[in-house]
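Q: Predicted model follows, preceded by the sequence.
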Amino acid sequence: MELEDSEPPFLKTYKALFGDMVEEERTKRVHENMFSVDEYELPLVDLSGLSLGNFDREDCKKAIADAASRWGFFQVVNHGISTDILARMKLEQVKLFKQPFYKKANENVFNLAKNCYSWGSPTATSLMQFSWSEAFHFPLTNMKGLREFTSFSSPIEEYARLVFDLAQNISETLAEHLGCKSTTFFVENCKPSSCYLRMNRYPQCPISSKVFGFVPHTDSDFLTILYQDHIGGLQLMRDGEWISVKPTPDALIINIGDLFQAWCNGVYKSIEHRVVTNPEVERFSVAYFFCPSYDTLIKSYSEKHSIYKEFTFEEYRQQVQEDVKHTGSKIGLRRFLR
Ligand SMILES: C=C1C[C@]23C[C@@]1(O)CC[C@H]2[C@@]12CC[C@H](O)[C@@](C)(C(=O)O1)[C@H]2[C@@H]3C(=O)O
Ligand SMILES: O=C(O)CCC(=O)C(=O)O
Ligand SMILES: [Fe+2]
């Protein structure tokens with residue numbers, strides 16, 4: 001197997017030691033169920049409809065609510081975040097991950113939160129729970145901290161400001177569709193400082209199609225807004241099958257989180273998703289978790305009927321972390337069924 005100069009050193013070593021194994025792995029992946037998964041385009045909503053006349057606006061809101069209830073996932077274009085900001089954010093993200101390990105692991109260098117950098121799933125208790133990825137996952141309580149590393153007006157900071165408004169608008173649209181026309185719940189309980197940003201890097205994985213880039217999970221938030229590059233690898237569970245999500249340039253992917261599913265009594269779905277590895281190229285994504293403050297009480301929007309017990313966001317996170325610690329898996333909302 002010939003060695004290409006452009007390949008990272010670890011891959012050269014692998015090919016020298018296990019060349020035929022890598023070839024065999026590549027052949028195997030073609031038939032592997034992870035890679036023969038059907039690729040779908042998520043329901044696409046053009047948000048420019050929200051700023052048009054009444055009918056277009058209502059159609060746009062209905063498309064958002066339909067996708068959130070039928071898929072739990074959808075993608076949006078004309079979301080108001082420019083291609084330029086997305087491209088500059090991606091560049092900063094690549095620069096950040098290319099830093100030497102000692103710098104990435106030293107939170108003072110980037111002035112981000114403590115312990116925000118990790119490899120894999122920190123609490124994995126078996127290989128199947130290992131994630132072949134590295135990530136910075138930090139609360140947006142200190143946006144200025146982002147400037148220390150990147151530049152005065154960090155594109156990541158600009159993105160975080162814009163994506164908060166987008167998450168707020170989409171949440172209120174979803175609430176309105178439930179008949180909560182003038183709810184102030186999200187404005188009162190979700191602030192830029194209560195949200196999180198997670199930057200993911202998925203290195204190429206030439207050794208096994210059985211390793212996940214990110215283990216199957218649901219997001220423990222109201223709403224996640226995901227910016228992914230063109231490589232692909234995100235899969236979601238639909239009708240009992242894993243389906244691959246086809247990347248759309250400059251689109252943002254919205255998925256409903258556990259807290260919204262509880263708040264709306266299951267009308268909108270928090271869907272399990274995962275990331276599969278790629279044998280040839282690395283992949284980057286940025287997930288924005290739209291979260292309330294920890295003391296926010298999550299209870300059904302409808303007084304008359306609720307599937308889940310009331311719980312604060314803090315109680316939810318603690319329960320998840322306890323379950324993940326003791327069992328290696330997140331039990332999530334099932335813990336709070338009435
Ligand atoms: C180990 C875990 C923590 C996590 C659920 C999981 O089982 C695997 C995914 C993890 C993750 C990653 C993104 C978010 O940080 C998070 C809150 C989420 O929604 O999925 C965490 C989960 C968690 O701690 O609740
Ligand atoms: O990278 C992706 O496509 C998904 C990442 C994800 O699910 C997460 O960060 O919660
Ligand atoms: Fe996720």
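A: Noted; the coordinates are in hand. Numbering: from 1, shown residues only. Ligands and ions are numbered 1, 2, ... in the order given.

Q: show me what contacts the spatially closest residue to Thr296 that is not a sequence neighbour?
A: Among residues not flanking Thr296 along the chain, Asn189 sits closest, at 4.3 Å (Cβ to Cβ, 6 or more residues apart in numbering). Heads up, the C-betas are built off the backbone N, CA and C, glycines and all. By Cβ atoms under 8 Å, 6 or more residues apart in numbering, the contact set of Asn189 is Pro292, Ser293, Thr296.

Q: Tell me which residues of the helix or strand harbouring Trp242 come out buried.
A: Counting by DSSP states H and E, the element that carries Trp242 is strand 241-245. Within strand 241-245, the residues that qualify as buried by neighbour count (16 or more other Cβ atoms under 10 Å) are Trp242, Ile243, Ser244, Val245.

Q: May I have that strand as PDB, with CA atoms only?
A: Coordinates of each C-alpha in strand 241-245 appear next as PDB, following Å, rounded to 0.1, in the frame of the first residue of the first chain:
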ATOM      1  CA  GLU A 241     -33.600   2.600  11.600                       C
ATOM      2  CA  TRP A 242     -30.500   4.700  11.500                       C
ATOM      3  CA  ILE A 243     -30.600   7.200   8.600                       C
ATOM      4  CA  SER A 244     -27.700   9.400   7.500                       C
ATOM      5  CA  VAL A 245     -28.200  13.200   7.200                       C
END
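
Q: Neighbouring strands of it in the sheet, and parallel or not?
A: Sheet partners assigned to strand 241-245 using DSSP bridges are listed as strand 39-40 (parallel), strand 234-238 (antiparallel).

Q: So which residue is smack in the middle of the protein?
A: Centre of the chain computed as the mean C-alpha position; nearest residue by Cα atoms, centre = their mean is Ala287, 3.9 Å away.

Q: can I get the strands paired with strand 241-245 in CSV with distance to Val94?
A: Formatted as CSV, these follow (distance: least, Cβ to Cβ, whole Å):
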stretch, distance to Val94
strand 39-40, 25
strand 234-238, 19
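
Q: on that earlier part again, what's near enough to touch the residue nearest to the centre of the chain?
A: Neighbours of Ala287 in contact, by Cβ under 8 Å, 6+ apart: Leu197, Arg198, Asn200, Asp219, Thr224, Ile225, Leu226.

Q: do you know how far the third one is from Ile156?
A: When distances are taken as Cβ to Cβ, to the nearest Å, Asn200 and Ile156 turn out to be 14 Å apart.

Q: Now the element after the lowest-mean-pLDDT helix or strand in the chain, going C-ward?
A: Using mean pLDDT, DSSP states H and E, helix 145-149 stands out as the lowest-scoring helix or strand of the chain, at a mean of 60. Moving toward the C-terminus from helix 145-149, the next helix or strand (DSSP H and E) is helix 155-177.

Q: Now find how far off-centre that next one is within its chain.
A: Chain-centre distance of helix 155-177: 14 Å, with Cα atoms, centre = their mean, to the nearest Å.

Q: One more: stretch 91-101?
A: 19 Å.

Q: Give me the buried stretch members for that stretch, please.
A: In stretch 91-101, counting by 16+ other Cβ under 10 Å, buried: Glu92, Gln93, Leu96, Phe97.

Q: tell me which parts of the stretch 101-250 of the chain are close to ligand 1?
A: For the stretch 101-250 of the chain, the residues found near ligand 1 under the criterion Cβ under 6 Å from any ligand atom are Ser121, Thr123, His137, Arg198, Val215, His217, Asp219, Ser220.

Q: Strand partners (parallel or antiparallel) of the helix or strand hosting Ala135?
A: Using DSSP H and E, the element containing Ala135 is strand 134-139. Strand 134-139 pairs in its sheet with strand 117-119 (antiparallel), strand 196-202 (antiparallel), by DSSP bridges.

Q: that older thread, wondering if the strand holding Trp242 reaches ligand 2 at all.
A: No. Judged by Cβ under 6 Å from any ligand atom, strand 241-245 stays clear of ligand 2, getting no closer than 7.7 Å.
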